[in-house]
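Novice: Need the 3D shape of this:
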Amino acid sequence: MRDSRDAALAGTLTSLAADALALGAHWIYDSGRIAREIAPVNRLLAPPPDSYHKRRAAGDFTHYGDQTFVLLESVAASGGFDPDDFFRRWRALFADYDGYVDGATRGTLGRIEFGEGPATSGANSHDLAGAARIAPLVLALRDDLPALVEAARAQTRMTHNNPKVVDAAGFFARAAHAALHGAAPTDALARAAEADYAAAPVAQWVDAGLALADTDSVTAIATLGQSCAIEGAFPGVVQLIARHGAEPAAALEHNVLSGGDSAARGLLVGLVLGCAAGPDALPEAWIQGLTRARAIRELTAAIP
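Specialist: Residues are numbered from 1 along each chain as shown. Modelled structure (predicted):
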C-alpha cells in the first residue's frame with residue numbers, strides 16, 4: 001500500500017529542490033540566453049552576477065524558497081499550521097533579510113507596520129508565488145483535505161490577499177493531495193478542478209495548460225506567459241505537469257529553461273510531481289546539494 005507520508009515528503013523535497021534549481025536562471029526572460037550561457041540546468045547552479053539573487057550560492061533558495069523553509073520550520077514547531085506562528089517567523093525573516101524583497105513582501109510589511117495581522121496583512125498581489133509555498137502544509141495535513149485547503153489559503157492570504165491567488169493555493173493543495181494518494185498527475189489536476197472556485201477561472205487555466213501539453217515547454221510557456229502573474233504562471237505549471245508527468249527531473253529542467261518566474265512555477269510542479277512519483281522523484285544529488293539539506297531532513301522528521 002502506498003505510504004502517504006513518503007509521498008508527501010517527496011513532494012516537499014522536490015518542491016524545495018525545484019526552487020534551488022531555478023536560482024541560477026530565475027527571472028531571466030531570454031530563454032535563448034539561458035540555453036547559451038547557463039544550460040545544462042541538470043544541477044544546482046549559482047546565479048550570475050546580474051541576478052536579483054546575486055548574494056546567493058549554488059544550493060541556496062530564492063526568496064520564495066526561504067519563505068517555504070520558514071513555513072516548514074513553523075509547521076515542525078507547531079505540529080500543524082498556526083497562522084500566528086508563521087506570521088511571526090515570516091516577519092522575522094524579513095527583519096534583516098539580505099536577499100531580494102519583492103513587491104508583495106514590501107506591501108505586506110507595510111501593512112504589518114500599520115498593525116495588520118496574518119488574516120489581513122496581505123498585499124493585493126496577483127503573483128503565483130504566494131500560493132507556491134504550500135509543500136510543508138501538504139506534508140503536515142496530508143490526510144485532512146479540508147484542513148489542508150484552508151491552511152494553504154490562509155498562508156497565501158497572509159502575503160498575497162488576492163482572491164485568484166488564494167483560490168490557486170486551494171487548487172494546488174487539492175492536486176497535491178490527490179497525487180500523494182495515488183492519482184496520476186493529470187488526473188490529480190482534473191480532480192482539483194472539480195472543486196468550486198469563487199474568483200479564479202481555474203477550469204479555463206487548466207484547459208489552457210493542457211491544450212499545449214504536446215508542445216515543448218519553452219515554446220508553451222513563452223505563449224502562456226513567463227511572468228509572475230497568475231494568469232500565465234498557473235497554466236504554465238499545468239503544462240509542465242501534463243507534458244512531463246512521468247519525469248519530475250525533466251519537468252524541473254524544462255521549467256528552468258523556459259525562463260521568467262521559474263522558481264514559483266517550480267515549487268508547484270515539484271510539489272505535485274514529487275507527490276505522484278514518491279521517494280525516487282529526483283536525483284539524490286539535487287537534495288543533498290541543498291545548502292539546508294540537513295536542516296530540512298531534521299524538520300521533516302519532526303512532522304509525524
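Novice: Chain neighbours aside, what residue packs nearest to the residue most central in space within the chain?
Specialist: Closest to where the C-alpha atoms of the chain average out (Cα atoms, centre = their mean) is residue 267, at 2.5 Å. Excluding the flanking residues, the one nearest residue 267 by Cβ to Cβ, 6 or more residues apart in numbering is residue 132, at 3.9 Å. From N, CA and C alone the C-beta is placed, and that goes for glycine too.
Novice: Pull the contacting residues for the one you found.
Specialist: Residues in contact with residue 132 (Cβ atoms under 8 Å, 6 or more residues apart in numbering) are 64, 68, 172, 263, 264, 265, 267, 268.
Novice: what helix or strand does the fifth one sit in?
Specialist: Which is residue 264. In the assignment (DSSP states H and E), residue 264 maps to helix 262-277.
Novice: Keeping just the C-alphas, turn that helix into CSV.
Specialist: C-alpha atoms of helix 262-277 as CSV (Å, rounded to 0.1, in the frame of the first residue of the first chain):
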residue,chain,number,x,y,z
SER,A,262,10.7,29.6,-12.9
ALA,A,263,11.0,29.5,-9.1
ALA,A,264,7.3,29.9,-8.4
ARG,A,265,6.3,27.5,-11.2
GLY,A,266,8.9,25.0,-10.0
LEU,A,267,7.7,25.0,-6.4
LEU,A,268,4.3,23.8,-7.5
VAL,A,269,5.4,21.5,-10.4
GLY,A,270,7.8,19.9,-7.9
LEU,A,271,5.2,19.5,-5.3
VAL,A,272,2.6,17.7,-7.5
LEU,A,273,5.1,15.6,-9.4
GLY,A,274,7.1,14.7,-6.2
CYS,A,275,3.9,13.6,-4.5
ALA,A,276,3.0,11.5,-7.5
ALA,A,277,6.4,9.9,-8.0
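Novice: burial measure for residue 58, as a count.
Specialist: 15 (other Cβ atoms under 10 Å).
Novice: I'd say residue 236 and residue 225 touch.
Specialist: Yes - using Cβ atoms under 8 Å, residue 236 is in contact with residue 225, at 6.8 Å.
Novice: So the two - more neighbours on which side?
Specialist: Comparing residue 236 with residue 225 by other Cβ under 10 Å, the one with more neighbours is residue 236, at 33 against 18.
Novice: what about the more buried one, which SS state?
Specialist: For residue 236, the secondary-structure state derived from DSSP: H, G, I helix; E, B strand; the rest coil is helix.
Novice: Filter the contacts of residue 132 down to the buried ones.
Specialist: If you count burial by 16 or more other Cβ atoms under 10 Å, the buried members of those come out as 64, 68, 172, 263, 264, 265, 267, 268.
Novice: Now do the contacts for the fifth one.
Specialist: Translated: residue 264. 64, 127, 128, 129, 132, 228, 233.
Novice: The same query, at a cut-off of 6 Å, please.
Specialist: Shown in contact with residue 264 (Cβ atoms under 6 Å, 6 or more residues apart in numbering): 64, 128, 129, 132.
Novice: so how far is residue 156 from it?
Specialist: Going from residue 264 to residue 156 by Cβ to Cβ, to the nearest Å gives 12 Å.
Novice: Repeat that for the second one.
Specialist: Taking Cβ to Cβ as the measure, residue 68 falls 12 Å from residue 156.
Novice: picking that back up, nearest to residue 207 among the contacts of residue 132?
Specialist: residue 172 (16.4 Å; Cβ to Cβ).
Novice: low-scoring stretches of the chain, by residue?
Specialist: 1 (pLDDT under 70).
Novice: 80 instead?
Specialist: 1-2 (pLDDT under 80).
Novice: if we can go back for a sec, export the buried ones among the contacts of residue 132 to a markdown table and append columns for distance to residue 139.
Specialist: Converted to a markdown table, those look like this (distance: Cβ to Cβ, whole Å):
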| residue | distance to residue 139 |
| --- | --- |
| 64 | 17 |
| 68 | 11 |
| 172 | 14 |
| 263 | 20 |
| 264 | 19 |
| 265 | 20 |
| 267 | 14 |
| 268 | 15 |
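Novice: hmm, which two among these are most spread apart?
Specialist: Most distant of the buried ones among the contacts of residue 132, by Cβ to Cβ, are 172 and 263, 15.0 Å apart.
Novice: burial of residue 5, as a residue count?
Specialist: Neighbours around residue 5, by other Cβ under 10 Å: 14.
Novice: Could you check which helix or strand contains it?
Specialist: Using DSSP H and E, residue 5 sits within helix 4-22.
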